[in-house]
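> just coords:
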DNA sequence: AATTAAAGTCAACACTTGTACACTGAAACT
DNA sequence: AGTTTCAGTGTACAAGTGTTGACTTTAATT
């Protein structure tokens, strides 16, 4: 059975035109993805969603789902990819707006908080399924996060922040920061509304943690400078 | 409708005797908890389990479930409590075996790895649902983790490791370490078997991260020593 | 205008799910 | 002994699930 194209193999979700204009298929595909995210708003995890629920929320009949994904798993992977894009966009924006605060770390943290709130659903998904979902999704997320981490390390190097440190070490440090960030994201996301004091404490804590990491980084001494320079999870 | 006792209110799961001996009720209760954990072995998340599945695995009829819990949510909370116990036991054991390695951090990390593997299911549950499950479970886990963190901070103080640091700061630091630990737990748990190199890289990275944190801690200077000494999440 | 590809619909299936209710049987108390 | 309590069973049901195959509609290609 030929089945000429089967599926756009999960990657390459956006080719703006396939023969006409905005393409209808694309639109419902996005509707499905969006619907899934939307259903996770009130504390539900992706793993707990049913295919039918998603189609219902998207305003499509259940069977239409299969024109886009083989099953929920594949939809999840597509969401991971979307999330990865969101993460990298965060870096891109951070790169432009070189925060010229009196306190750079605090500034960045505030920007980050804003970003998390603006992209609430994506972060909910990524942070939530990072340790929870299926093996496959978990690994996909890990890949994206590692990617993000490495890019961040490279930026740090470009900034000339820690000239003495090897790439491997920078990656290790950024891994720590990213970890911190994702953890904070969860906390930020289920902050009770209008509790500015609790919010303040949370952010303070976050700032101090990042500060401590960088303090450690400043004092870090390489042992054997290049033994495994790129020895992160670049398996 | 009186319903004299309704349920042992989720806490106090063990009163060894309620009028006789080891009590039968207790045994199936434990069977249920254990069954739930067991079902999570192959990468499934707690949220994705059904009540019936659990009872099936426990070798009990579905309706028997209600003699012990109001629903899966409550069973989840019981598991959190169990997990909390496991966490605190880790600290207790660490307290006794003051690792006298040439490299103390590496030693502790190895002990930790062993502990995670020995209590695989509990860690799977805690790390997995920390960001994934229902709001209630998430919060319960957060409480346990905070508890663990604070206890660890106190231990660190007792050890006289960082005499200059306030309790609040110690908690902040331990929060960082615990975060690192839970993250590592996930990585450890879905390590592919018999890949000693990947395992080694993972552990190395973990060790270096903890080392960096402590390096930062050594250099940490308090700003206003007691402004919010106990200002962690002790809300 | 006729043809064709395929996104979306409809109806139906074989299951699984959570929960209600009446029951049984064994221990515990009198 | 007889009675009571209650963990565990059996049956049943309404609702939701993933997936099927045959269909209609839309829109691009000839």
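Perfect, thanks for sending it. Computed from a predicted structure; not experimentally measured.
> run a quick neighbour tally on residue A:83.
Burial of residue A:83 is recorded as 26 neighbouring residues (other C-beta atoms under 10 Å in any protein chain shown). Heads up, the C-betas are built off the backbone N, CA and C, glycines and all.
> can you tell me the SS state at the closest residue to it other than its chain neighbours?
Taking C-beta to C-beta, 6 or more residues apart in numbering or on different chains, and ignoring the residues beside it in sequence, residue A:83 has residue A:126 as its nearest neighbour in space, at 4.4 Å. Look at residue A:126: counting by DSSP: H, G, I helix; E, B strand; the rest coil, its state is helix.
> next one: the one 5 residues further on
For residue A:131, the secondary structure call by three-state DSSP comes out as coil.
> would you mind identifying the next helix or strand past the helix or strand encompassing residue A:121?
Element membership for residue A:121, per DSSP states H and E: helix A:120-129. From helix A:120-129 onward toward the C-terminus, using DSSP H and E, the following helix or strand is helix A:135-158.
> is that following helix up against chain B anywhere?
Yes - using C-beta under 8 Å from any C-beta of the partner chain, helix A:135-158 reaches chain B at A:135, A:138, A:139.
> of those, buried ones?
Neighbour counting over these (16 or more other C-beta atoms under 10 Å in any protein chain shown) leaves residue A:138 as the buried ones.
> tell me the one of the residues of helix A:135-158 next to chain B nearest residue A:76?
The nearest member of these to residue A:76, counting by C-beta to C-beta, is residue A:138 at 10.0 Å.
> how about the contacts made by that closest one?
By C-beta atoms under 8 Å, 6 or more residues apart in numbering or on different chains, the contact list for residue A:138 reads A:129, A:130, A:131, A:132, B:43, B:186, B:190.
> so how far is DNA strand C from the fourth one?
Distance from residue A:132 to DNA strand C, counting by C-beta to the nearest atom of the strand, to the nearest Å: 18 Å.
> what distance do you get for the closest residue to that residue other than its chain neighbours to residue A:171?
The shortest distance from residue A:132 to any residue other than its chain neighbours is 3.3 Å, reached at residue B:132 (C-beta to C-beta, 6+ apart). Plainly put, residue B:132 is 26 Å away from residue A:171 if you go by C-beta to C-beta, to the nearest Å.
> one more: residue A:96?
In this structure, residue A:96 lies at 23 Å from residue A:171, with C-beta to C-beta as the measure.
> between those two, which one's more packed in?
Set side by side, residue A:96 and residue A:171 show more neighbours around residue A:171, with 26 against 6, by other C-beta under 10 Å.
> neighbours of residue A:192, just the number please.
Taking other C-beta under 10 Å as the neighbour definition, residue A:192 ends up with a count of 7.
> now do the SS call for it.
Reducing the assignment at residue A:192 to three states with three-state DSSP gives coil.
> could you point out which element follows the helix or strand containing residue A:73?
Under the assignment given by DSSP H and E, the secondary-structure element containing residue A:73 is helix A:72-96. Stepping forward along the backbone from helix A:72-96, the first helix or strand reached (DSSP H and E) is helix A:104-118.
> what about stretch A:70-81 and DNA strand C, touching?
No - where contact is defined by C-beta under 7 Å from any atom of the strand, no part of stretch A:70-81 touches DNA strand C; the two come within 12.6 Å at best.
> for the record, mean pLDDT for that stretch?
Predicted confidence along stretch A:70-81 averages 98 (mean pLDDT).
> does chain B have contacts with it?
No - no part of stretch A:70-81 sits close enough to chain B to count as contact by C-beta under 8 Å from any C-beta; the gap is at least 10.7 Å.
> could you find the closest non-adjacent residue to residue A:120?
Across the structure, with C-beta to C-beta, 6+ apart as the measure, the residue nearest residue A:120 apart from its sequence neighbours is residue A:189 (6.3 Å).
> same question for residue A:36.
Closest residue to residue A:36 apart from its sequence neighbours, by C-beta to C-beta, 6+ apart: residue A:54 at 5.1 Å.
> quick one: pLDDT of the one you found?
In the prediction, the pLDDT value recorded for residue A:54 is 98.
> mind listing what it touches?
Contacts of residue A:54 were listed using C-beta under 8 Å, 6+ apart, and they are A:32, A:35, A:36, A:39, A:65, A:72, A:75.
> tell me where chain A is predicted with low confidence.
Within chain A, the stretches falling below the threshold (pLDDT under 70) are A:1-22, A:98-101, A:224-235.
> so what touches stretch A:188-208?
The contact list for stretch A:188-208, computed with C-beta under 8 Å, 6+ apart, reads A:43, A:105-106, A:109-110, A:113, A:116-117, A:120, A:123-124, A:127, A:180, A:184, A:187, B:135, B:138-139, B:169, B:172, B:175, B:231-233, B:235.
> now it: buried residues?
Buried residues in stretch A:188-208, counted by 16+ other C-beta under 10 Å: A:188, A:189, A:191, A:199, A:201, A:202, A:203, A:204, A:205, A:206, A:207, A:208.
> and which of the residues you listed is nearest to DNA strand D?
Comparing the buried residues of stretch A:188-208 against DNA strand D with C-beta to the nearest atom of the strand picks out residue A:189 as the nearest, at 24.3 Å.
> in helices only, show me the contacts of residue A:54.
Secondary-structure check on those using DSSP state H: residues within helices are A:32, A:35, A:36, A:39, A:72, A:75.
> nearest residue to the fifth one in space, please, no chain neighbours.
For residue A:72, the nearest residue in space outside its immediate sequence neighbours is residue A:51; the separation is 5.6 Å by C-beta to C-beta, 6+ apart.
> residues contacting the one you found?
A:62, A:65, A:71, A:72.
> residue A:136 too?
When contacts are taken as C-beta under 8 Å, 6+ apart, residue A:136 is in contact with A:73, A:76, A:77.
> ok, and the most crowded of those residues?
Ranked by the number of neighbours (other C-beta under 10 Å), the contacts of residue A:136 place residue A:76 first, at 24 neighbours.
> without its sequence neighbours, what residue ends up closest to that one?
On the basis of C-beta to C-beta, 6+ apart, the spatially nearest residue to residue A:76 that is not a chain neighbour turns out to be residue A:137, at 4.7 Å.
> what's the burial count for that neighbour?
What residue A:137 shows, counting by other C-beta under 10 Å, is a neighbour count of 23.
> how close does it get to DNA strand D?
15 Å.
> residue A:159 now?
When distance is defined by C-beta to the nearest atom of the strand, residue A:159 is 46 Å away from DNA strand D.
> go on, residue A:24?
Summarising the geometry, the distance separating residue A:24 from DNA strand D, computed by C-beta to the nearest atom of the strand, is 6 Å.
> for residue A:81, same thing?
The gap separating residue A:81 from DNA strand D is 20 Å, by C-beta to the nearest atom of the strand.
> for that residue, the count of nearby residues, please.
In terms of burial, residue A:81 registers 17 neighbours under the definition other C-beta under 10 Å.
> now residue A:63
For residue A:63, the number of neighbouring residues by other C-beta under 10 Å comes to 9.
> OK, contacts around it?
Under the criterion of C-beta under 8 Å, 6+ apart, the contact list for residue A:63 is empty.
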